[in-house]
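Undergrad: Mind folding the following:
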Amino acid sequence: MRADEIREMGAEDITARIQELEEERFRLKFRSATEPLEEPLRLRSIRRDIARLKTIRTERDKGIVREAGTPSATAKEAKGKKSTARRPAKKGAAKTKAR
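TA: Model prediction:
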C-alpha cells in the first residue's frame with residue numbers, strides 16, 4: 001500500500017484498515033510460532049503498512065497537509081545535496097612518507 005493511496009482514504013477507512021491489518025498480523029504471528037509460513041515476508045509488509053497508516057493518521061491529527069504524489073520537503077533537500085563521505089583507501093595501499 002502506497003502513501004498516496006492512503007492519503008486518498010478517509011479517516012474512518014484508515015482506522016478500519018489499521019484494525020484489519022493488526023488482526024492479520026496477530027494471526028500470522030500466532031501461526032508462525034506453530035508452523036512455517038508460506039510467505040514469511042508478509043509479516044514485514046503488514047508491519048510497514050500499519051506504520052504508514054498510523055503516520056498519515058498522525059499527520060492529519062497534527063494538521064500537516066501533504067497532497068498525494070508530492071514528496072516531502074526533506075526529500076527535496078536531500079536530492080540537491082552531494083555526499084561528503086570520503087572513499088575508503090584501496091586494499092593494500094599504504095601511505096608513503098616523503099624522505
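
Undergrad: Which stretches in the chain count as helices?
TA: Defined through DSSP state H, the helices belonging to the chain, from first to last, are 3-7, 11-34, 42-62, 73-80.

Undergrad: so what does the shortest one touch, helix or strand wise?
TA: Using 3 or more Cβ pairs under 8 Å, 6 or more residues apart in numbering; DSSP states H and E as the contact test, the elements touching helix 3-7 are helix 42-62. In this view, the C-beta of every residue, glycine as well, is placed from N, C-alpha and C.

Undergrad: Give me the contact list for the helix it packs on.
TA: Residues outside helix 42-62 that contact it (Cβ atoms under 8 Å, 6 or more residues apart in numbering) are 1, 3, 6-7, 11, 14-15, 17-18, 21-22, 24-25, 28-29, 32, 37, 65-66.

Undergrad: In JSON lines: the helices of the chain, plus distance to residue 91 and mean neighbour count.
TA: What follows is the helices of the chain, written out as JSON lines (distance: least, Cβ to Cβ, whole Å; neighbours: other Cβ atoms under 10 Å):
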{"stretch": "helix 3-7", "distance to residue 91": "41", "mean neighbour count": "15"}
{"stretch": "helix 11-34", "distance to residue 91": "42", "mean neighbour count": "13"}
{"stretch": "helix 42-62", "distance to residue 91": "35", "mean neighbour count": "14"}
{"stretch": "helix 73-80", "distance to residue 91": "30", "mean neighbour count": "9"}
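
Undergrad: remind me which residues of the chain are low pLDDT?
TA: Residues of the chain that meet the criterion pLDDT under 70 lie in 67-85, 87-89, 92-99.

Undergrad: Okay, the closest residue to residue 1 other than its chain neighbours and residue 63: tell me how far apart.
TA: On the basis of Cβ to Cβ, 6 or more residues apart in numbering, the spatially nearest residue to residue 1 that is not a chain neighbour turns out to be residue 49, at 4.9 Å. Distance of residue 49 to residue 63, computed by Cβ to Cβ, to the nearest Å: 24 Å.
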